[in-house]
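[1] model the structure of this input:
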Amino acid sequence: MFTDISLYRDILAPAENLLVFQPDSIFCAAAPLTINDYLGWDWIGAPWSPDAQHGGNGGLSLRKVSKMLQVLKAEDRKDGDGELEDLWLTNRMVRLSGANMPNATVSKTFSVESVWDEKPLGYHVGWLGVHHPQYIKSSGASLSTPRPAAVAAADDDGVYRPGIRGTGTVYRRSDKVNDNENDDDRDLLIIEELLLTKLKEYIFTTED
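    Numbers count the residues shown, from 1 in each chain. Below is the predicted model:
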């Protein structure tokens, strides 16, 4: 979905700022900065590792629609490409002429996943996330305990994880699939499809 040019060209434009906020994300009411402080960047998301030069995690990220259009006009994502959409996009964003990409130090003040910051604006807590509930709770996060994530098939790395629906596959590294509806009743693929459908319905309705 996020590497489909029609999302940006036909649905989101002329809007410029796209906030991606997946179910395992939270914002902190007591953070020293607000989302307005990050609007100058073309893409900002949590760094993936302590030695990363820039951030890029897409689960909680702020993206410029115009820059996404530039990237996708220059290159189509091939069918079957196994690279995660945020990696695919940010790897091209950092090479895009004129792109304003923050370094990792700035990125972790926007969102924390696997690289800790004391007072970030938010957290994206998947299975790679750093878990410090005492800090998250004291920061005024909108949710004190993030729910387990439901993982879209395109984002599954093949490892079965209890409590995270959609992980594991008999075709890759794991011999079982977690499709237990009691783990999480939301499926990211379905959420994305519903969002796309609702946006299209809205456009058609307002154009009449």
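
[2] where does the prediction get shaky in the chain?
    Scanning the chain for pLDDT under 70 picks out the ranges 126-208.

[3] 80 instead?
    For the chain, applying pLDDT under 80 flags the ranges 125-208.

[4] okay, strands next: where are they in it?
    17-21, 25-27, 43-45, 60-64, 111-112, 122-124 (DSSP state E).

[5] tell me which of those lies nearest to His54.
    Evaluated over the strands of the chain, closeness to His54 peaks at strand 43-45, with 8.8 Å, by C-beta to C-beta. Quick note: C-beta positions are derived from backbone N, CA and C, even for glycine.

[6] which helices and strands does the closest one pack with?
    Applying 3 or more C-beta pairs under 8 Å, 6 or more residues apart in numbering; DSSP states H and E, we find strand 43-45 packed against strand 60-64, helix 85-93, helix 104-110.

[7] winner for burial among those?
    Neighbour counts (mean count of other C-beta atoms under 10 Å) averaged over each of the helices and strands packed on strand 43-45 peak at strand 60-64, with a mean of 24.

[8] what's it in contact with?
    Contact with strand 60-64 is made by 16-22, 25, 35, 38-39, 41-46, 86, 89, 110-111, 113, 122-124, as judged by C-beta atoms under 8 Å, 6 or more residues apart in numbering.

[9] and it with strand 17-21, angle?
    The directions of strand 60-64 and strand 17-21 differ by 160 degrees, with axes from the mean of the first three to the mean of the last three C-alpha atoms, to 10 degrees as the criterion.

[10] export strand 60-64 to CSV, keeping only CA atoms.
    The C-alpha coordinates for strand 60-64 follow below in CSV (Å, rounded to 0.1, in the frame of the first residue of the first chain):
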residue,chain,number,x,y,z
LEU,A,60,5.1,5.4,13.7
SER,A,61,6.4,7.9,11.1
LEU,A,62,5.8,11.2,9.5
ARG,A,63,6.2,11.4,5.8
LYS,A,64,6.0,14.1,3.1
